[in-house]
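*Asks:* What follows is a predicted protein model with its sequence.
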Amino acid sequence: MRILKETELKKLRGVWAPDGENVKIPVAIKVLRENTSPKANKEILDEAYVMAGVASPYVCRLLGICLTSTVQLVTQLMPYGCLLDYVRENKDRIGSQFLLNWCVQIAKVSNRKTGLSSLRNAF
């Protein structure tokens, strides 16, 4: 599996209103850009397969897939944004307690066999 580059994805915010339910769920939508390689559709579907198999409060949940001309992944919206961006922007201000909590969360997900490959690919 190849990790898709951020430049290959367009990220959007949206609201999902499930049929028959009176709720509106804030979501993030990852859309492959038009100029990506044909292999990218398969790779994003592989990512969706891994994400669908992971159930953890520490992993962003996959809510759905739109199989249009470009594959779209619909995930829960992380209100504070991407954790990796946060770490990069605040690396000098992140304390040991934050890092320890993060390590514990990674270990908990790593113990779930289906989540291990997802975590390895994320870093």
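*Replies:* The structure has been received and is ready for your questions.
*Asks:* Now that we're looking at Leu45, what pLDDT does it have?
*Replies:* The per-residue pLDDT reported for Leu45 equals 82.
*Asks:* Name the helix or strand for it, please.
*Replies:* Mapping Leu45 onto the secondary structure by DSSP states H and E places it in helix 39-52.
*Asks:* Show me what that helix is packed up against.
*Replies:* In terms of contact count using 3 or more Cβ pairs under 8 Å, 6 or more residues apart in numbering; DSSP states H and E, helix 39-52 is assigned the packing partners strand 25-32, strand 62-67, strand 71-76, helix 113-122. (C-beta placed from N, C-alpha, C; glycine too.)
*Asks:* Least confident of the ones you listed, on average?
*Replies:* Of all the helices and strands packed on helix 39-52, mean pLDDT reaches its minimum on helix 113-122 (a mean of 51).
*Asks:* Can you classify the most centrally placed residue in the chain by secondary structure?
*Replies:* Among the residues of the chain, Cys60 comes closest to the average C-alpha position under Cα atoms, centre = their mean, at 5.3 Å. At Cys60, secondary structure determined by DSSP: H, G, I helix; E, B strand; the rest coil is coil.
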